[in-house]
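> Return atomic coordinates for the entry below.
(chains A and B)
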Amino acid sequence: MLTNNQKLKPPFNYKTIILVLLIFFIFIFSFKRVGMPDVVDRLYEVTLDTIGLKDKSKIADGLSRISNEMWPPVIETKKDINLILNFDSSNLPMYSFIENQKVQLYETNIETLELEYIEEEVLFLVEPLGYLKVVIIKIIESIEIAFWASFIALIFSIPLAYYSAKNYAPNKIIYYVSRSIVSGLRAIPELISVLFMVLAFGFGPAAGIMALGLHSAGFLGKFFAEDIENADKGPQDALKALGSSRWRIVKEAVLPQVMPQYIAYILYILDRNLRMATVIGLVGGGGIGQELKGRFDLFEYGHVTTIILVIFIVVFIFDQISAKLRNKLIGNSS
Amino acid sequence: MVYPLLKIDSVSKTYSGNVIALNNVNISISDNEIIAILGPSGSGKSTLIRTILGLTSLDEGNIYFRNNNFKDKNYKIIRNSIATIYQDFNLVSRSSIIKNIMLGDITKISSWRVLFNLWPKETQDKAMDIIEEVGLNSIDFKKRVENLSGGQQQRVGVARALIGAPDIILADEPVSSLDPQTATDILNLIRETAKKNKISVLCSLHQIDFAKSFADRIIGMKEGNIMFNKPAKNILKFDLNKLYK
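Down below sits the predicted model:
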């Protein structure tokens, strides 16, 4: 016979039920505030539309229109040759050609003062891979942003990590100061801090680099410091007993132990910065994001598709390279 | 007057929670003498060695090295004359054999050399000689320590202690994680190299047989007190009963 103390606790009691009910009511209350009924309504309409029970759904309509416009991706550029300064038809850029196209225009008839519909033939200079070239130049800028940001993060994080490792900080004050700098840097999202960086450095890559760099310095500082704190104490004791100074202990007894982890962190930060560098342009940080935002605002969804595809390919390739690099470096470093 | 190499003078240490680790311990070690500290777990052997190394602070008493007090500022001279061998080897496992051995000399290398990994030629040569001396294969000098067996790792540990040409080696249970045959080999190695290079050894052990064949003098410790302190050949069963009863 079990005594009262030995009995297993029931999986729930009245407190659990109250808690579940409370959470349920909070969800119901919040459901309306965040506009979820609308979502349900529209999804319901889309479903009816797709299975043919209802004629028109705005969402299905809009989505199908956008997806029609998004495909095929635009990789060429077309320019009205009248708008090109000093156009020389005998000296065209590589692989480009001139195309004759009919353009529909409305023009004011001077006599009747009414708008008239006319058709005009315009010569266009077509570069078949022109837009792809623009996108590639822009994504290279994004990659550059990512590398510079990671480099800056590395430079900033090394002293931060040393001073925010409990066992190497010279005193408590420095420890807490650098710890709070590290958390502070991490707490501000890049998309916010880039707004301030734009104020300081102007629109363009520099603002993006500083915003991303400082944010990821927070990450690296934290990761590095925690690894220093958790490294095997044995070798550190051995060097300490010899009377070695702190930084020498870190260099010879801590760094060799944590190096594989550090390489993994740096590659992760590089990977993350590359993904963020594509986004940061949306708010003025330079790179492919700026191009994406511009095309999106002009409803040029074909161009948007090209940009998204290029971003996807670059991120994918980089992912593969960094995985290989990580294996190789961690396998052989000494 | 000839001062003893190392003099431990009325040293006491109490850990938090009133755990007495060392209680008024007096030990004097002369040149070229091999001493084993024997005692059950928790008898204060490791604490004694850690206080000599400065890894644990002492509550009372003094430690003198050739009449230099450890509390004074001549710590660096003292440190350069003391080397240590550890129970868990305390090697940098991802570094090479030669690097680990050279680390025993790290305090004598200038900062920029440490920073850029430019170890002086003499240090490298010395390390290579010692690799042979401790019975490791010098072809493997670039091998990572983590790929070695326990016995080989402890040989690297011994080599690291020898490179600084110390006056005394402190060994904290250097063989407790090794099998009996390897343990005998390592202890023989320590004894031989110490005698050859005229180095004193203070070694904590908990196997009586090892202590008897290894040491010139055995100090028995129990609960922070010294129970006996006599030449190894004079140790009687009566003495050992004091420790393990």
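> ok, and does the helix or strand harbouring B:Asp9 reach over to chain A?
Using DSSP states H and E, B:Asp9 maps to strand B:6-15. No: on the criterion CB under 8 Å from any CB of the partner chain, strand B:6-15 is out of touch with chain A, staying 14.6 Å away. Where you see a C-beta, it was placed from the backbone N, CA and C, and this is true even at glycine.
> Contacts only, for residue 97.
Because you didn't say which chain, this covers chain A. Applying CB atoms under 8 Å, 6 or more residues apart in numbering or on different chains, we find A:Phe97 in contact with A:125-126.
> Not quite, go with chain B.
B:Ile97 makes contact with B:131, B:136, B:140-145, B:148, B:156, according to CB under 8 Å, 6+ apart.
> Most widely separated two among those residues?
Spatial extent of these (CB to CB) is set by the pair B:Ile131 and B:Arg144 at 14.4 Å.
> Between those two, tell me which one has more neighbours.
Comparing B:Ile131 with B:Arg144 by other CB atoms under 10 Å in any protein chain shown, the one with more neighbours is B:Ile131, at 21 against 18.
> Make sure that one is actually in contact with B:Ser138.
Yes: B:Ile131 is within contact range of B:Ser138, at 4.8 Å (criterion: CB atoms under 8 Å).
> For B:Ile169, name its beta-bridge partners.
B:Ala83, B:Val201 (DSSP bridges).
> For the helix or strand of chain B with the lowest mean pLDDT, which outside residues touch it?
Sorting the helices and strands of chain B by mean pLDDT, DSSP states H and E puts helix B:75-81 at the bottom, at a mean of 76. Applying CB under 8 Å, 6+ apart, the contact partners of helix B:75-81 are A:241-243, B:54, B:65, B:68, B:70, B:107-108, B:164, B:166-168.
> Mind listing what's buried along that helix?
B:78-81 (16 or more other CB atoms under 10 Å in any protein chain shown).
> Not counting sequence-adjacent ones, nearest residue to the residue in the stretch 1-150 of chain A that chain B sits nearest to?
When scored by CB to the nearest CB, the stretch 1-150 of chain A has A:Ser150 as its residue closest to chain B, at 22.9 Å. Using CB to CB, 6 or more residues apart in numbering or on different chains and skipping residues adjacent in sequence, the residue nearest A:Ser150 is A:Leu270, 4.7 Å away.
> which element follows the helix or strand harbouring the one you found toward the C-terminus?
Assigned by DSSP H and E, A:Leu270 falls within helix A:255-280. Once helix A:255-280 ends, the next helix or strand along the chain (criterion: DSSP H and E) is helix A:288-297.
> chain center to that following helix: distance?
Centre-to-centre, helix A:288-297 and its host chain are 14 Å apart (CA atoms, centre = their mean, to the nearest Å).
> Now do that helix: which elements does it pack against?
Applying 3 or more CB pairs under 8 Å, 6 or more residues apart in numbering or on different chains; DSSP states H and E, one finds that helix A:288-297 contacts helix A:130-163, helix A:255-280, helix A:301-332.
> can you pull the buried residues of the lengthiest helix in chain B?
Criterion DSSP state H: the longest helix present in chain B is helix B:180-197. Residues of helix B:180-197 classed as buried: B:182-187, B:189-191, B:193-194 (neighbour count, 16+ other CB under 10 Å).
> Could you list the residues in contact with that helix?
Contacts of helix B:180-197 (CB under 8 Å, 6+ apart): B:32, B:34, B:85, B:133-135, B:150-151, B:154-155, B:158, B:162, B:165, B:169, B:171, B:174-175, B:178, B:199-201, B:203, B:207, B:210, B:213-214.
> Narrow the residues you listed to those that are buried.
Buried, going by 16+ other CB under 10 Å: B:32, B:34, B:85, B:133-134, B:150-151, B:154-155, B:158, B:162, B:169, B:171, B:174-175, B:178, B:199-201, B:203, B:207, B:210, B:214, out of the contacts of helix B:180-197.
> among those, which are in helices?
Using DSSP H, the subset of those located in helices is B:133, B:150-151, B:154-155, B:158, B:162, B:210, B:214.
> Pipe those into CSV and attach pLDDT and distance to chain A per row.
CSV is the format used below for those (pLDDT from 0 to 100; distance: CB to the nearest CB, whole Å):
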residue, pLDDT, distance to chain A
B:Glu133, 88, 20
B:Gly150, 90, 14
B:Gly151, 90, 17
B:Gln154, 92, 13
B:Arg155, 92, 15
B:Val158, 93, 13
B:Leu162, 91, 13
B:Phe210, 89, 22
B:Phe214, 91, 22
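> For burial, what's the neighbour tally of B:Asp140?
Neighbours of B:Asp140 under the rule other CB under 10 Å: 15.
> Sorry, wrong one. I was asking about A:Val122.
15.
> swap in the one 5 residues further on?
A count of nearby residues for A:Glu127, using other CB under 10 Å, gives 20.
> How about the backbone phi and psi for it?
Main-chain torsions, A:Glu127, degrees, to the nearest 10: phi -110, psi 110.
> circling back: what two of the ones in helices among the buried ones among the contacts of helix B:180-197 are the furthest from one another?
Farthest-apart pair in those is B:Glu133 and B:Phe210; separation 21.7 Å (CB to CB).
> strands paired with the helix or strand where B:Asn24 lies, and their directions?
According to DSSP H and E, B:Asn24 maps onto strand B:19-29. The strands that strand B:19-29 pairs with in its sheet are strand B:6-15 (antiparallel) (by DSSP bridges).
> tell me which residues of the strand it pairs with are tucked away?
B:6-8, B:11-13.
> Equivalent analysis for stretch B:146-153, please.
Judged by neighbour count using 16+ other CB under 10 Å, the buried positions of stretch B:146-153 are B:148, B:150-153.
> same thing with stretch B:217-228?
Counting neighbours by 16+ other CB under 10 Å, one finds that the buried residues in stretch B:217-228 are B:217-222, B:224-228.
> I'd like a version of the buried residues of helix B:75-81 in JSON lines, one that adds distance to A:Lys32 as further columns.
JSON lines is the format used below for these (distance: CB to CB, whole Å):
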{"residue": "B:Ile78", "distance to A:Lys32": "76"}
{"residue": "B:Arg79", "distance to A:Lys32": "72"}
{"residue": "B:Asn80", "distance to A:Lys32": "76"}
{"residue": "B:Ser81", "distance to A:Lys32": "79"}
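> Just the closest of the residues you listed to A:Ser30, please.
For these, the nearest to A:Ser30 is B:Arg79 (64.9 Å; CB to CB).
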